[in-house]
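Engineer: How does the following fold in three dimensions:
(4 chains)
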Protein chains: 2
Amino acid sequence: MALEHAILVSLLEKPGSGYELARRFERSIGYFWTATHQQIYRVLKRMEADGWIGARDVPQRGRPDKKEYSVSAAGLSTLTGWLGEPVQPESVRHELAVKLRGAAFGDPAALTGEVERHRRMHRDRLAHYLAGQRRDFGGGGTAEDPGAEASGPEDLDPGRELQHAVLRGGIAYERMMIAWLDDVLATLHRLSPRRDPGPSGGRPAQAGPAPDPAP
Amino acid sequence: MALEHAILVSLLEKPGSGYELARRFERSIGYFWTATHQQIYRVLKRMEADGWIGARDVPQRGRPDKKEYSVSAAGLSTLTGWLGEPVQPESVRHELAVKLRGAAFGDPAALTGEVERHRRMHRDRLAHYLAGQRRDFGGGGTAEDPGAEASGPEDLDPGRELQHAVLRGGIAYERMMIAWLDDVLATLHRLSPRRDPGPSGGRPAQAGPAPDPAP
DNA sequence: TCCTGATATGCAACTTGTTGCATAGGCAAG
DNA sequence: CTTGCCTATGCAACAAGTTGCATATCAGGA
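Structural biologist: Presented below is the predicted three-dimensional model:
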């Protein structure tokens, strides 16, 4: 039960309606916690009943009214209480890893396209993160050299620093995944050295990793 | 709906009872897909009804009989069919990332212990993976230089190669997490430079990353 | 004009996943 | 000899998450 907490964090960062939250869960916070609009509306209702958040009707020109939620004092103390609890081990779901182990009982080469698709997704997300980093956190150190900003000018807004730390985690994750997927592609290619990487959508499955989006 | 498929893979790798599967989901395959014994028993029952797996009663000395399941032809074709389907985007749940963003509205330093605990967990899991790699895949190349084995002696059992690729992914993930958690600890320390890292359970939150288990 | 799409909210039904408990024999420590 | 733990399976109730659909308004294009 932690969607509540993700919503609290998001509403503390900026109040908003259920719909707006749903949008955010397709971007920013959604990169670390997923939820559909159905779930969000249902949980918002419960949170309002529990007094964690308050609603305010906002009339809009043309559009239906929206209910803008914001966090109450009770909600804030719920959140800070939660911060003190240990997080229980994340439940892992790496479907691609399961498929790779399953591929031993089918045709490994059939996974190549899928792995390439994943690689593209991770490459795009990395580019997105890096753009966000440039936009929101300036041209400082690279994500590969954590702590490089530590000796720089004092920029100690905790919210900003923490958001940057989370973003650096996302960047590190995407880089790691891209490198691993290259490794997997090389392995698949080694197992069945058919198809040469054609020019369309092609990327080297054999040689060194394709260039990342420039940091 | 993919617990079925994870079970199929596990049973193909080695037939076993529900209980044994539950144990495996605490180790090996469980590092990439979690499930409790309740879920496993329920799904096994359904899979048997669907004819994906067959059961065989195995009497045991002293212990209650166990039902040893193995994959039928129908189950195998189900699995290979699944391999061809695109994996839909994994639903992400990075609770620690949510907490970090939430910490801006509480006391960031209160998270230090939790982050350190996570780091220990990841360090231990990395050591576990590396031990498994040494045990099952010999002294070959390091995980940091994927493809190093490619030019070595031909060892092209697909199952083995794919399991190794998955394991390398686990290793890369744990290394990445450890590095990121060091980054986070440095950030937290920068935000509130209280407590010096004492000698008990201490690890440098400031200087370079603590030494990994030797690869 | 009609159709599509974005904003905005929500119900109902269904599937998954979790938690608590129950059974039942054997084995080892105290 | 009793208490707790391990093997081994399972029911029942609940919580969480997904999917399909419904409503309503307005803007812009075919």
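Engineer: what's next to the lowest-mean-pLDDT helix or strand in chain A, contact-wise?
Structural biologist: Counting by mean pLDDT, DSSP states H and E, the weakest-scoring helix or strand in chain A turns out to be strand A:53-58, with a mean of 90. Contacts made with strand A:53-58 from outside it, assessed by C-beta atoms under 8 Å, 6 or more residues apart in numbering or on different chains, are listed as A:8, A:11, A:17, A:44, A:47-48, A:65-72, A:75. C-beta coordinates here come from the backbone N, C-alpha and C atoms, glycine included.
Engineer: which one of the residues you listed is nearest A:Pro89?
Structural biologist: Ranked by distance to A:Pro89 (C-beta to C-beta), those are led by A:Leu8 at 22.0 Å.
Engineer: ok, the residue lying closest to the closest one once chain neighbours are set aside to DNA strand C distance?
Structural biologist: For A:Leu8, ignoring the flanking residues on the chain, the nearest one in space by C-beta to C-beta, 6 or more residues apart in numbering or on different chains is A:Leu79 at 4.6 Å. A:Leu79 is 20 Å from DNA strand C, where distance means C-beta to the nearest atom of the strand, to the nearest Å.
Engineer: returning to what we had before: selection in PyMOL covering whichever of the contacts of strand A:53-58 are buried, please.
Structural biologist: Buried members of the contacts of strand A:53-58, identified by 16 or more other C-beta atoms under 10 Å in any protein chain shown, are gathered into one PyMOL selection as follows:
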select buried, chain A and resi 8+11+17+44+47+48+66+67+68+69+71+72+75
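Engineer: Tell me the one of the contacts of strand A:53-58 nearest B:Val92?
Structural biologist: Distances from B:Val92 to the contacts of strand A:53-58, taken as C-beta to C-beta, are shortest for A:Leu8 (18.2 Å).
Engineer: which residues touch the closest one?
Structural biologist: A:Leu8 sits in contact with A:47, A:52-53, A:71, A:75-76, A:78-79, B:102, where contact means C-beta under 8 Å, 6+ apart.
Engineer: at 10 Å instead, please
Structural biologist: Counting by C-beta atoms under 10 Å, 6 or more residues apart in numbering or on different chains, A:Leu8 touches A:2, A:47, A:52-53, A:71, A:75-76, A:78-80, A:82, B:98, B:102, B:105.
Engineer: check which helix or strand covers the closest residue to A:Gly18 other than its chain neighbours.
Structural biologist: Distances taken as C-beta to C-beta, 6+ apart place A:Tyr41 nearest to A:Gly18, at 4.9 Å, with adjacent residues excluded. Counting by DSSP states H and E, the secondary-structure element that holds A:Tyr41 is helix A:37-49.
Engineer: Need the residues that contact that helix.
Structural biologist: The set of residues that contact helix A:37-49 without belonging to it, under C-beta under 10 Å, 6+ apart, is A:1, A:3-4, A:6-8, A:10-11, A:17-26, A:35-36, A:52-55, A:67, A:69, A:71-72, A:74-75, A:78.
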